[in-house]
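Take this sequence and fold it.
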Amino acid sequence: MKSVFAEILTIGDEILYGQIVDTNSQWMSSELDQLGIKVVRKTTVGDTEEDILHAFAEAEKTADIVLITGGLGPTNDDLTMPMLARYFDSEVVMNDGVLQHVKSFFEARGKVFTEINKRQALVPEIADVLHNELGTAPATWYERNGKVFVSMPGVPHEMKNLMKTAVLPRLRSFFHTPVIYHKLIKTVGIGESFLADKIKDWENALPENISLAYLPSIGHVKLRLTAVGNDKKQLEKEVQELIDSFLPLAGKYVYGYDNTSLEEAIGELLLSQKKTLSLAESCSGGFVQHKITTIAGSSEYFQGGVVPYHNQHKVNVLGVKPETLEAHGAVSEACVKEMAEGVRKLFKSDVGAASSGIAGPGGGTPDKPVGTVWIAYADGEQTIAKKLLLSKNRILNIELTEIALLNLVRKSLKD
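Below you'll find the model as predicted:
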């Protein structure tokens, strides 16, 4: 089945100036993807006639569908309608249906209907008008040489309503689109290049209709399998078979799929094993506790935590030995192990985990530079510690510590 391609074109100086954020494009892309339509480009242009016309022409060369938002107001800087009329060699006319809607819209809200408001009803004669029940700017549909242009308001709730009620159903009937099915495999604890090396033979053997993309982020690598075909259930079966053959190669790094977060995965493990967790965080400042408690139902397994930022609290609250601090310092294997054991006993939890390090930008020494972090896991039978050598960026170090500590808990529970 032939692929269908779309371009999303956003019009407005305010987006280029950074005065507003374009959230429309992301939402539209997701909706089109579910319809089996591939977005190949997103473009933003300002309120300039030449730029708008050039963008129309470039989009028509590339895409089967061009979805346009913005520039539909009644003022002189709103150029989308007149530029569409010029592009499609059409006259601009007053549309009686739109005019009556705009007039009723203002009257229902007790507002004065002025001459300038009438300009909202000026549309290209060639256009097929799509009713905008939530606003005054009409959407318009154009067809030429088997391609479709759709112009919609930039106001998010108006655009979304038009997409759901009018545009997407019409695109579905106009184009015969294939099924596009995505599956995310989420990994932690391995870099992108190392993961790619482990699975290179598996990747090279993927069938033609299934592609793989690497989506690295801080501390994580997501693998996106994208399958294209006509039968969603068959695609799901094919992808699952590929995942089954992937797991023996790199399964120990996999913590979840699709929208599962690392903290959710930890919660599921604790619940399944009927275990509880407590945390002692020095350099991460409670960030791990924050992530754990963002998950609904975390009270079932999370007992509590402390942030013993100063050494006196490591001693007084967690029972770290003064001689440990004197001999090894707070950023050490010995200290972080005692912190993990101490917080487990303090909260009477099955598992205790801890962090201690130098987040920066100051505080480093030649032996312990900024970015040196120790993390630990204790469960009453074993105590495991790991040294991290991170960055010189404080915020990044806190985030990387959180990921590493949760991953240490995950691996230890699975083992």
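
and the closest residue to A196 other than its chain neighbours, what does it touch?
Nearest residue to A196, sequence neighbours excluded (CB to CB, 6 or more residues apart in numbering): Y214, at 6.7 Å. Glycine gets a C-beta too; all of them are placed from N, C-alpha and C. For Y214, the contact set (CB atoms under 8 Å, 6 or more residues apart in numbering) comprises E192, L195, A196, V221, K222, L223.

hey, what's Y214 bridged with?
L223 (DSSP bridges).

How confident is the prediction for it, by pLDDT?
You'll see Y214 listed with a pLDDT of 97.

and if you look at the one 10 residues further on?
In the prediction, the pLDDT value recorded for R224 is 97.

Excluding chain neighbours, give the residue nearest to it in space.
Nearest in space to R224, with sequence neighbours left out and distances taken as CB to CB, 6+ apart, is A213 at 4.5 Å.

Now do the contacts for that neighbour.
The contact partners of A213, taken as CB under 8 Å, 6+ apart, are L223, R224, T226.

Mind checking which of those are buried?
L223, T226 (16 or more other CB atoms under 10 Å).

got any ranges where this structure has weak pLDDT?
1 (pLDDT under 70).

Mind picking the two most distant members of the contacts of Y214?
A196 and K222 (13.1 Å; CB to CB).

thinking again about what came up before, ok, of the contacts of Y214, which one's closest to I52?
K222 (36.1 Å).

Could you find the closest non-adjacent residue to the closest one?
L215 (4.0 Å).

got a list of what that neighbour touches?
Counting by CB under 8 Å, 6+ apart, L215 has contacts L184, V221, K222, L223, R224.

quick one: which of those is nearest to V150?
R224 (27.6 Å).

That closest one reaches Y181, doesn't it?
No - distance between R224 and Y181: 10.9 Å, which falls outside the contact criterion (CB atoms under 8 Å).

Would you mind reformatting the contacts of A213 (as CSV) and adding columns for distance to F5 while you're at it?
CSV is the format used below for those (distance: CB to CB, whole Å):
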residue, distance to F5
L223, 24
R224, 19
T226, 15
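
quick one: the nearest residue to A137 once chain neighbours are set aside and T80, what's the gap?
Nearest non-adjacent residue to A137, counting by CB to CB, 6+ apart: L72, 3.8 Å away. Counting by CB to CB, to the nearest Å, the gap between L72 and T80 amounts to 5 Å.

Show me what counts as buried in the one helix or strand A404 maps to.
Secondary structure from DSSP states H and E places A404 in helix 394-414. Across helix 394-414, burial judged by 16+ other CB under 10 Å covers 394, 396-413.

Contact partners for the most far-flung residue of the chain relative to its centre?
Centroid-distance maximum for the chain: E323 at 46.5 Å, with CA atoms, centre = their mean. With contacts taken as CB under 8 Å, 6+ apart, E323 has no neighbouring residues.

Also V92?
M81, P82, A85, L122, V123, P124, E125.
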